[in-house]
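S.K.: sequence and predicted structure are below.
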Amino acid sequence: MGARGPDSDRPTVDIGPRALAEALRRPATDDAADDGEPERDGDHDAEHDDDAAANSVVTGVEDDSAAHHPPVSLGATRTQELAEGAEPTRTIQHPQTPVTIRPPRAGDSVHGLPTQQIPSRRKAGSAATADGSRFSAPGSAALADSPVEAMRLDEIARTRVFLKVVIALCLGGVLVAFLSSGDAIARRVVVVGTVIAIGGALGLLSVTRDAGRYDANRLLPYGTAIVIGSMSGVYYWGTASPVAAMIVYGIYFFSLG
């Protein structure tokens, strides 16, 4: 392997900001030398501007002499045209991204199955048609046109159920009154009161049979008869007897409406 010469013999290259400034100034100097013309003050100013621009690019520091240069004027006519918007404007529209609908995955078999309607249980007062659908009997809440009408029909249904309970309690009370020993006058009172209560219950059943003719004001006389019959049972059986519970049940049923 040959011996290397000393490093001082090799030419060095300046890569600093001065080298860039000299590179920018060299063509103007060469042209002036080729033409044989002496260097003018304007050339010196141009070289000074090039040096300042090179220094600002490399070092990031602007030359203070640039602040003394006058601003460039576009002229009064051009400035007025720009102020009035003489040049037409154009709206740049970006192309819309197409929406891609991906098909369901092969493993997602649940969403690909057909849907089916589960048949509901048959309720009282409804029947099945030939096509499997259901229709309700007249007077049921399923045929109501509004929430108020549905509540009205529901009230009628509750009242009829309660009246059947009243008739059953009256018949049971009379049977127990004849089988038990006690005051004969009180027994007659409870029998008469029970008959009155049964009559009031039957009257309410007839009133609530047709939902179209149902009127809450017509329930008052029949309801009063049931209350009188219940109080006669309290006279015979006592205030702590189950007969008094029927009054509470009546208030509960009627208050729901």
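M.R.: Nice, thanks for sending it over. Numbers count the residues shown, from 1 in each chain.

S.K.: not counting sequence-adjacent ones, nearest residue to residue 247?
M.R.: Excluding its sequence neighbours, the residue lying closest to residue 247 (Cβ to Cβ, 6 or more residues apart in numbering) is residue 230, at 5.2 Å. C-betas here are computed from N, CA, C, even on glycine.

S.K.: how close does that neighbour sit to residue 199?
M.R.: Distance of residue 230 to residue 199, computed by Cβ to Cβ, to the nearest Å: 13 Å.

S.K.: and these two? Which one has more around it.
M.R.: More crowded of residue 230 and residue 199, by other Cβ atoms under 10 Å: residue 230, with 26 against 15.

S.K.: buried ones in the helix or strand containing the more buried one, by neighbour count?
M.R.: According to DSSP states H and E, residue 230 maps onto helix 219-237. Across helix 219-237, burial judged by 16 or more other Cβ atoms under 10 Å covers 219, 222-223, 225-227, 229-234, 236-237.

S.K.: try stretch 207-220
M.R.: Result for stretch 207-220 [16+ other Cβ under 10 Å]: buried residues 207, 208, 211, 214, 219.

S.K.: so the residue nearest to residue 247 makes contact with residue 248?
M.R.: No - using Cβ atoms under 8 Å, residue 230 makes no contact with residue 248, being 10.0 Å away.

S.K.: following the strand or helix carrying residue 158, which helix or strand comes up?
M.R.: If you go by DSSP H and E, residue 158 is part of helix 147-179. Counting by DSSP H and E, the next helix or strand C-terminal to helix 147-179 is helix 184-207.

S.K.: any idea of the mean pLDDT for that next one?
M.R.: The average pLDDT within helix 184-207 is 88.

S.K.: again, but for stretch 217-236
M.R.: The pLDDT scores in stretch 217-236 average 83.

S.K.: just stretch 163-171 next, same as before
M.R.: Computed over stretch 163-171, the average pLDDT equals 85.

S.K.: give the full set of residues in contact with the closest residue in space to residue 213 that isn't next to it in sequence.
M.R.: Nearest residue to residue 213, sequence neighbours excluded (Cβ to Cβ, 6+ apart): residue 207, at 7.6 Å. Shown in contact with residue 207 (Cβ atoms under 8 Å, 6 or more residues apart in numbering): 213, 214, 215, 218, 219, 222.
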